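Enquirer: sequence unknown, structure follows:
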């Protein structure tokens, strides 16, 4: 007995029987996610290739060391840990929504979906803060013999090798690829989170309108859940590639 | 009919399922905290006077293993792939094995690129042998 598959009473595939004991829609969601995994994988591997080809790379503990309302305190990894925690927690609330759907408990589905949406919004808020902090933060960089103040953008990387200038250590411009990859990949992931929030909101409205109750099963919540967990899964790897190693 | 039977089975397993979900949450949280601890350890090692690069590499490998464990728990428990039938699991997992080659090949390539960047890699002498009178601006132009 598979505990995961809610057996929809809808018609099976036209062959008369699903080869994988799941509905067509759910299987195709899995294949979509697999293709999406290749897209993210290609991005991350490309990032890895460029990073491996460089002699210097931005030190993540130096770049991501800020936390809201703490000024210039040096807190490496703290804020991104909070973001990771939020996303894991929202994944748990999503799986609880799916679980309540199995039990045909409409109130439960609504409650946990709301928590999931809030988690997604909180994550997006954190990301907005982090991006703003990186883009607007200014760092002293030695460019062509003069000191300039740079933020981290897709065209400026103030996190290069440090050299002695007038008796103090200052950074030089780092590989330009850093900002492009960071904003590109976390932006693509953030866009997934955003669309996940939209999908979950649609699911919430449909649940409230009792659409799934009338249909007799909550399989749509399961499909939305698969998408949401995938977003969490991708973050696990983004967290690894950009912040940890 | 089948709807009724399934609902009963679910009700029976209800507490066990919810327990499993929360247990997975704690596992993920502990793994993340461990990753964090190692990350901060690496940070401390890097701050030191003589960073031990082998040790850093080992710690990074450990973080990668923890990440894969987290991915396994998310896919297997939260996405319920572990509860699907074997053939379906295989249609998802087997294509993803391509990643093994992707990662090895591309990182290898990146590393080789760096080596070429840092050495003359023979290219300059080769060009000079074939065309001895290259314009001066070509000389030493690297990066």
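Expert: The structure has been received and is ready for your questions. Quantities reported herein were computed from a predicted structural model and do not represent experimental measurements.
Enquirer: Might you list the low-confidence residue ranges for chain B?
Expert: Residue ranges of chain B with pLDDT under 70: B:1-13, B:121-143.
Enquirer: Which residue lies nearest the spatial centre of it?
Expert: Residue closest to the mean C-alpha point of chain B, counted by C-alpha atoms, centre = their mean, is residue B:64 at 5.7 Å.
Enquirer: give me phi/psi at that residue?
Expert: Note on residue B:64: backbone dihedrals following degrees, to the nearest 10 are phi -60, psi -40.
Enquirer: For it, which residues are in contact?
Expert: Applying C-beta atoms under 8 Å, 6 or more residues apart in numbering or on different chains, we find residue B:64 in contact with A:240, A:245. For glycine as for every other residue, the C-beta is placed from the backbone atoms N, C-alpha and C.
Enquirer: what does residue B:99 give?
Expert: residue A:41.
Enquirer: Could you point out the helix or strand that follows the helix or strand encompassing residue A:183?
Expert: Element membership for residue A:183, per DSSP states H and E: helix A:177-208. Next helix or strand after helix A:177-208 toward the C-terminus (DSSP H and E): helix A:211-215.
Enquirer: could you say what helices and strands that following helix packs with?
Expert: Packing partners of helix A:211-215 (3 or more C-beta pairs under 8 Å, 6 or more residues apart in numbering or on different chains; DSSP states H and E): helix A:106-136.
Enquirer: Give me the helices and strands touching the helix or strand just after the helix it packs on, please.
Expert: Following helix A:106-136 in sequence order, the next helix or strand is strand A:139-143 (DSSP H and E). The elements that strand A:139-143 packs onto, with contact taken as 3+ C-beta pairs under 8 Å, 6+ apart, are strand A:146-150, strand A:168-171.
Enquirer: What backbone torsions are found at residue A:77?
Expert: The phi/psi pair for residue A:77 (degrees, to the nearest 10) is phi 70, psi -10.
Enquirer: Could you measure from it over to residue A:194?
Expert: 24 Å (C-beta to C-beta, to the nearest Å).
Enquirer: Give me the more crowded residue out of those two.
Expert: Between residue A:77 and residue A:194, residue A:77 has the larger neighbour count (other C-beta atoms under 10 Å in any protein chain shown), namely 21 against 16.
Enquirer: show me what contacts the more buried one?
Expert: Residues counted as contacts of residue A:77 (C-beta under 8 Å, 6+ apart) are A:61, A:64-65, A:243-244, B:36, B:39-40, B:43.
Enquirer: Kindly confirm my reading that residue A:155 forms part of a strand.
Expert: No - assigned with DSSP: H, G, I helix; E, B strand; the rest coil, residue A:155 falls outside any strand and is coil.
Enquirer: How far off centre is the one helix or strand residue B:117 maps to?
Expert: Assigned by DSSP H and E, residue B:117 belongs to helix B:98-118. Centroid displacement of helix B:98-118 relative to its chain, using C-alpha atoms, centre = their mean, to the nearest Å, is 14 Å.
Enquirer: Over to stretch A:85-98?
Expert: Mean-position distance between stretch A:85-98 and its chain equals 13 Å (C-alpha atoms, centre = their mean).
Enquirer: And for stretch A:148-168?
Expert: Centre-to-centre, stretch A:148-168 and its host chain are 28 Å apart (C-alpha atoms, centre = their mean).
Enquirer: Show me which residues of it are buried.
Expert: In terms of neighbour count (16 or more other C-beta atoms under 10 Å in any protein chain shown), stretch A:148-168 has its buried residues at A:150-153, A:156-160.
Enquirer: that older thread, most neighbours among the contacts of residue A:77, which one is it?
Expert: residue B:39 (24 neighbours).
Enquirer: Let me see the contact set for that residue.
Expert: Counting by C-beta under 8 Å, 6+ apart, residue B:39 touches A:61, A:76-77, A:243-244, B:63.
Enquirer: what about 6 Å?
Expert: By C-beta atoms under 6 Å, 6 or more residues apart in numbering or on different chains, the contact list for residue B:39 reads A:77, A:244.
Enquirer: Work out for me the element it sits within.
Expert: Using DSSP H and E, residue B:39 maps to helix B:2-47.
Enquirer: got the residues of chain B near chain A?
Expert: Chain B comes close to chain A at residues B:2-3, B:6, B:10, B:13, B:17, B:21, B:25, B:28, B:32, B:35-36, B:39, B:43, B:60, B:63, B:67, B:70-71, B:74, B:78-80, B:83, B:85, B:88, B:92, B:99, B:102, B:106-107, B:110-111, B:113-114, as judged by C-beta under 6 Å from any C-beta of the partner chain.
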